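Asker: just the structure for this:
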Amino acid sequence: MGTVKLSMAQALLRFLDNQYVSVDGIETKFVRGVMGIFGHGNVTGIGEALERSPGSLTFIQGKNEQGMAHAATAFAKQSDRKQIYACTSSIGPGALNMVTAAGTATVNRIPLLLLPGDNFACRQPDPVLQQLENPSDYTISAVDAFRPVSRYWDRIVRPEQLMTAALQAMRVLTDPAETGAVTLALPQDVQAETYDYPKAFFDKRVHLIDRRPPAPDAIRRAAGLLAGKRKPLLIAGGGVHYSGATAELETFASSFGIPVVETQAGKSVLPWDHPLNMGGVGVTGTLAANLLAKEADVIIGVGTRYSDFTTSSKSAFDNPDVQFININVSAFDSAKLSGTAVTADAREALAALHGALSEMNYMSGYGAGELAGLKAEWDREVDRLYTSEHEAGLSQTRALGVINETLQSSDVIVAAAGSLPGDLHRLWRPAEPKTYHMEYGFSCMGYEVSGAFGAALAEPDRDVYAIVGDGSYLMLHSELVTSLQEGMKMTVLLFDNSGFQCIHNLQRGQGSDGFGNEFRFRDSAAGQLSGGYMPMDFAAHARSLGARAYTVHTAEQLREALLQARMETVSTLIEIKVLPGTNTSGYESWWRVEVPAVSVSPKVEAAHRAMAEEIGKAREL
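Answerer: Next up is the predicted model:
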């Protein structure tokens, strides 16, 4: 068989460079490269291997460990989970910076390989710089913090352990149901230790991602349940995209007259103007979608994990006889809401269920013009919000209208947190699949700019736009610099509304007068952050990093800036001054938060009573 002497880090890179996935007979190289920030703990191990023997792996220098890991997550998401970048860091704070990104990837079912440095396995120099010492358990290090947010976690304390760990890592990374963050803790001494590895370990490996077919009995059960239902509603989740099942979903819905609503991850499975596309559902859903959800007697969830935003905290479905059919490659998700589980690939399950329903001559019972009327009513509402003018300045919905009308149909938007995901879920009109890239499983502030860089890496022939609030931008914008370094253009559309206005709106809706969520100076007399708004020049900040930048206050200025930005050859930021509190809300939606029963404020106690009343109406499943 033969062996080759390599350091553990060199062996790891050589192994990763020879991993491929095959879906429907199409092979794709799985690991595109490594993103990293070097420090003690990885610079002389993986760093040496990347410098001297990277193979065909590309190295990208991150600027913040969390940011680069978000970029890697977005790259994998936009690549339909068929390609990844690994991420390497030093020990201590460098490693811990990636924990948030690990949680983000795992919650969203996106493959992310993390290679943080770790303490010396030999323990002779202990305690080293940045080492976390636990007096009761010396085997614990900072990297153990990744355990609860990883789908697979391992520590390589001997170089030969790499062979088992690497194969297990690939098992999880390429499994559609089990994927998420994979963390391999790499002690800094072990990275440099050598071993005579079998040459066969580095042979090309093709990981076959087989489409899991549905069990015939599961299809019969689902079809039998649907046969007696007249008001079906299909919820399209992110699994539809990852399965490549958009065509099958459109055929299925059209054949049986079933309206389609979308989760944040599922949005753009159908063009916005498709007659059966009723838009986003749930807390941030459209009026059409949420009215249909209230009356539906069966919910067909395809590739959704049924988050509380999708189900309006389990209040969205009012029909006492409503039942659920859950099509999901993950048994964990297909079992939710006591549904009839069809644990299978979305494309295969939709095709099989289509065949079964066709044999039954099934058709939904929606009346003539019922769906068209709901859709037309909502389209008029979007038109109104997109064109609404305010004397005081530019509203958030007006700005989104200008952006939506000006961008091209193939452009990709990336967003994640704040009030913008709600407005985008309700109002954005995508025409093509995979042009709406929303991280809302973790709703992670700071994902937007990093995510746009990752999406641009995945699809360099498309224009990519980060749509981000000023709060998220302040938290994490470092990979804007990386986009400039790599010549990977993206455009950042920064909505400046002077604070964390989404949470500001939430707290005021529950009896608060507003506290701690706006970017104001401290009022010394009041002792609170209630003074004037802080003036910030985000465009100047972007220019200082090397980007092009514009500041706009009106719809006309915004349209012109978008056209100018398209002509720029480097990453560009457009600072959009919008009025606080001009986002959307309502539309038959509700979200459960906890409000104190006792407060010195009567408004808070009243909000508690109102919340308790709504909680009593929600399903308990």
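Asker: where along the stretch 401-550 of the chain do the strands fall?
Answerer: 412-415, 436-438, 464-469, 491-496, 548-552 (DSSP state E, counting those that start in this stretch).
Asker: which strands or helices does the last one pack on?
Answerer: In terms of contacts (3 or more C-beta pairs under 8 Å, 6 or more residues apart in numbering; DSSP states H and E), strand 548-552 is packed against helix 538-545, helix 555-567, strand 572-577. Glycine gets a C-beta too; all of them are placed from N, C-alpha and C.
Asker: picking up where we left off before, which among the strands of the stretch 401-550 of the chain is found nearest to A368?
Answerer: strand 436-438 (31.0 Å; C-beta to C-beta).
Asker: average model confidence for the closest one?
Answerer: When pLDDT is averaged over strand 436-438, the result is 98.
Asker: from the chain's centroid, how far away is that strand?
Answerer: On the basis of C-alpha atoms, centre = their mean, to the nearest Å, strand 436-438 sits 7 Å off its chain's mean C-alpha point.
Asker: same check on stretch 205-217?
Answerer: 25 Å.
Asker: who touches stretch 45-60?
Answerer: 7-10, 12-14, 16-17, 29, 31-36, 38, 68, 85, 88, 115, 117, 186, 188, 191-192, 482, 486 (C-beta atoms under 8 Å, 6 or more residues apart in numbering).
Asker: restricting to C-alpha, output it in CSV.
Answerer: Taking Å, rounded to 0.1, in the frame of the first residue of the first chain, the C-alpha atoms of stretch 45-60 are listed here in CSV:
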residue,chain,number,x,y,z
GLY,A,45,1.2,24.0,11.8
ILE,A,46,-1.6,24.6,9.3
GLY,A,47,0.0,27.9,8.4
GLU,A,48,3.2,26.1,7.2
ALA,A,49,1.1,23.5,5.3
LEU,A,50,-0.9,26.2,3.5
GLU,A,51,2.3,28.0,2.6
ARG,A,52,4.4,25.1,1.4
SER,A,53,2.0,22.4,0.3
PRO,A,54,-1.6,23.6,-0.2
GLY,A,55,-2.3,21.6,-3.3
SER,A,56,-5.1,23.2,-5.2
LEU,A,57,-6.7,24.7,-2.1
THR,A,58,-7.0,28.5,-2.1
PHE,A,59,-6.1,30.4,1.1
ILE,A,60,-8.3,33.5,1.9
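Asker: list the buried ones in that stretch?
Answerer: Residues of stretch 45-60 classed as buried by neighbour count (16 or more other C-beta atoms under 10 Å): G45, I46, G47, E48, A49, L50, S53, P54, G55, L57, I60.
Asker: buried residues, stretch 182-202. List them.
Answerer: By 16+ other C-beta under 10 Å, the buried positions in stretch 182-202 come out as 182-193, 195, 197, 201-202.
Asker: from the residues you listed, pick the one nearest V464.
Answerer: Minimum distance to V464 across these is 25.9 Å, recorded for V182 (C-beta to C-beta).
Asker: wait, is that closest one part of a strand?
Answerer: Yes. Assigned with DSSP: H, G, I helix; E, B strand; the rest coil, V182 falls within a strand.
Asker: Y473 and Y447 touch, don't they?
Answerer: No. Judged on C-beta atoms under 8 Å, Y473 makes no contact with Y447 at a distance of 11.2 Å.
Asker: distance of G367 from L374?
Answerer: Distance of G367 to L374, given as C-beta to C-beta, to the nearest Å: 11 Å.
Asker: quick check, nearest of the buried residues of stretch 182-202 to A218?
Answerer: V182 (29.7 Å).
Asker: the closest one bridge partners, please.
Answerer: For V182, the beta-bridge partners under DSSP bridges are L113, Y152.
Asker: pretty sure it sits against V149.
Answerer: No. Counting by C-beta under 8 Å, V182 does not reach V149; the two are 11.0 Å apart.
Asker: how deep is G2 tucked in, by neighbour count?
Answerer: 8 (other C-beta atoms under 10 Å).
Asker: with A555 instead?
Answerer: Neighbour count of A555, defined by other C-beta under 10 Å: 18.
Asker: how about it: what's its closest non-neighbour residue?
Answerer: V402 (5.1 Å; C-beta to C-beta, 6 or more residues apart in numbering).
Asker: residue contacts, the one you found?
Answerer: Counting by C-beta under 8 Å, 6+ apart, V402 has contacts Y386, A555, L558, R559, L562.
Asker: one step back: and the buried residues of stretch 182-202, which of them are in helices?
Answerer: Q188, D189, V190, Q191, A192 (DSSP state H).
Asker: and P421, how far from G282?
Answerer: From P421 to G282 the distance is 12 Å (C-beta to C-beta).
Asker: who has more neighbours, the two?
Answerer: Each of P421 and G282 has its neighbours counted (other C-beta under 10 Å); G282 has more, 28 against 23.
Asker: give me the phi and psi angles of the more buried one.
Answerer: Main-chain torsions, G282, degrees, to the nearest 10: phi 100, psi -150.
Asker: on the three-state scheme, the closest residue in space to it that isn't next to it in sequence is what?
Answerer: Beyond its immediate neighbours in the sequence, the residue positioned closest to G282 (C-beta to C-beta, 6+ apart) is T310, lying 4.5 Å away. Three-state call for T310 (three-state DSSP): coil.
Asker: nearest to K229, of the buried residues of stretch 182-202?
Answerer: Nearest member of those to K229, counting by C-beta to C-beta, is V182, at 40.6 Å.
Asker: if I look at Q323, how far off is G441?
Answerer: In terms of C-beta to C-beta, Q323 sits 25 Å off from G441.
Asker: show me which of the two is the more surrounded one.
Answerer: Applying other C-beta under 10 Å to Q323 and G441 shows that G441 carries more neighbours, namely 22 against 18.
Asker: the more buried one against S307, yeah?
Answerer: Yes. G441 lies in contact with S307 (C-beta under 8 Å); the separation is 7.0 Å.
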